[in-house]
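Enquirer: here is a sequence together with a model predicted from it:
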Amino acid sequence: MTEHVTWITGASSGIGEALALACARRGHRLVLSARRKEALNRVKQACIAAGSSEESILVLPLDVTDDGAMPQAVSDVLAVFGRIDLLINNAGISQRSLCVDTELSVYRRIFDVDVIGQIALTRAVLPTLLKQASGHIAVTSSIAGKVGVPYRTGYCAAKHAVIGFYDALRAELASSGIKVSIILPGFVRTNISEAAVTGDGSQFGRTDHNIANGMDPHECAEIILRKLERGVPEFVVATGKEKHSVWLNRFFPGLIRRVVPKLGKP
Ligand code: NDP
């Protein structure tokens, strides 16, 4: 994948930042997007330290809820690199609140970022990939996109929704030369719970024990890139017990239904 152009959203921290570094080590040209420009510039410097050249990295601040900004963002990428090979729709926010305590506006916010944001950027990039007759679109869903857990009704709904969207998109693109991959991480040690929204929309503001004890984001990113390089359509990335929950949910749903009510408490 050397010299390939990889566009990562949510590149300012966590899994996205680790993906950027792993891509830099592989020689990808990189587009780094998220809302915080200073954090993206910090990631850019880390990529340069990992082997990238200054001109092989474009810092492109983008709020994925701002679909009006996307045509210009795509034009900016094409003006600098001329093509897009891999789009990793990774930006996301999580939730830490019971349904009974959660305002409807919070559900809308989670869906705007975690579902509509991914769809909007994918739509904006798709004509370029179709013209190239090549490319790869990935999305970071979650094990929570397969198994519903307490305190995350909105997050689980959003992560289930993106799986439906990208499954259908993969079917539409079957003979186009464009691959679609769905990433299902388990607990990964990032800012995800710190930045998660609570029932009134305020930030949860701390790292809960599942995330604190989660997988190293760099290990996670390495596994993700290896799977993407092989074009794997859907895969779990996890080191903890949660890695078994996707197949258990499929083959022993009664067992999972007994276990999950005890999980997820922040
Ligand atoms: P982080 O909170 O560390 O990273 C989230 C990233 O998303 C940040 O770069 C943030 O940047 C960006 N982001 C948030 N809102 C927006 C927005 N409106 N527009 C653009 N970028 C945005 O968490 P993770 O690295 O863990 O999360 C990455 C992905 O992995 C998410 O989709 C998450 O749901 C998923 N995931 C994470 C798991 C975990 O255990 N950590 C498990 C399963 C899935 P900024 O604030 O600068 O905009």
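Expert: Nice, thanks for sending it over.
Enquirer: what number of residues lie near the residue in the stretch 51-200 of the chain that the ligand sits nearest to?
Expert: Closest residue of the stretch 51-200 of the chain to the ligand, Cβ to the nearest ligand atom: residue 92 (2.3 Å). Every residue, glycine included, has its C-beta placed from N, CA and C. Counted by other Cβ atoms under 10 Å, the residues lying close to residue 92 total 27.
Enquirer: show me the contacts for it.
Expert: Counting by Cβ atoms under 8 Å, 6 or more residues apart in numbering, residue 92 makes contact with 10, 113, 114, 140, 192.
Enquirer: who's in contact with the last one?
Expert: When the contact criterion is Cβ under 8 Å, 6+ apart, the partners of residue 192 are 14, 92, 93, 94, 211.
Enquirer: which strand or helix spans it?
Expert: Per DSSP states H and E, residue 192 falls between elements, in no helix or strand.
Enquirer: please name the nearest non-neighbouring residue to residue 111.
Expert: residue 158 (5.5 Å; Cβ to Cβ, 6 or more residues apart in numbering).
Enquirer: ok, back up a step: in a markdown table: the contacts of residue 92, plus distance to the ligand and pLDDT.
Expert: Compiled in a markdown table, these are given as follows (distance: Cβ to the nearest ligand atom, whole Å; pLDDT from 0 to 100):
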| residue | distance to the ligand | pLDDT |
| --- | --- | --- |
| 10 | 3 | 98 |
| 113 | 5 | 98 |
| 114 | 6 | 98 |
| 140 | 4 | 98 |
| 192 | 4 | 97 |
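Enquirer: sorry, back to before: touching, the residue nearest to residue 111 and residue 115? I think so.
Expert: Yes: contact status for residue 158 versus residue 115: in contact at 5.0 Å, counting by Cβ atoms under 8 Å.
Enquirer: give me the more crowded residue out of the two.
Expert: Comparing residue 158 with residue 115 by neighbour count (other Cβ under 10 Å), the higher total belongs to residue 158, at 28 against 20.
Enquirer: burial measure for residue 11, as a count.
Expert: 33.
Enquirer: list the contacts of it.
Expert: 17, 19, 20, 32, 33, 34, 40, 43, 90.
Enquirer: just the residues you listed: which are in helices?
Expert: Among those, the members found in helices (DSSP state H) are 17, 19, 20, 40, 43.
Enquirer: what is the nearest of those residues to residue 80?
Expert: residue 40 (14.8 Å; Cβ to Cβ).
Enquirer: hey, where'd the strands end up in this structure?
Expert: 5-9, 29-33, 57-59, 86-89, 135-140, 178-185, 234-237 (DSSP state E).
Enquirer: right, and residue 140 touches residue 94 too?
Expert: No: Residue 140 is not in contact with residue 94 according to Cβ under 8 Å; the separation is 11.6 Å.
Enquirer: quick one on the thing from earlier: adding mean neighbour count, write the strands of the chain out as CSV.
Expert: Output for these, formatted as CSV (neighbours: other Cβ atoms under 10 Å):
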stretch, mean neighbour count
strand 5-9, 26
strand 29-33, 27
strand 57-59, 21
strand 86-89, 27
strand 135-140, 25
strand 178-185, 23
strand 234-237, 19
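Enquirer: biggest helix in the chain by residues?
Expert: helix 153-172.
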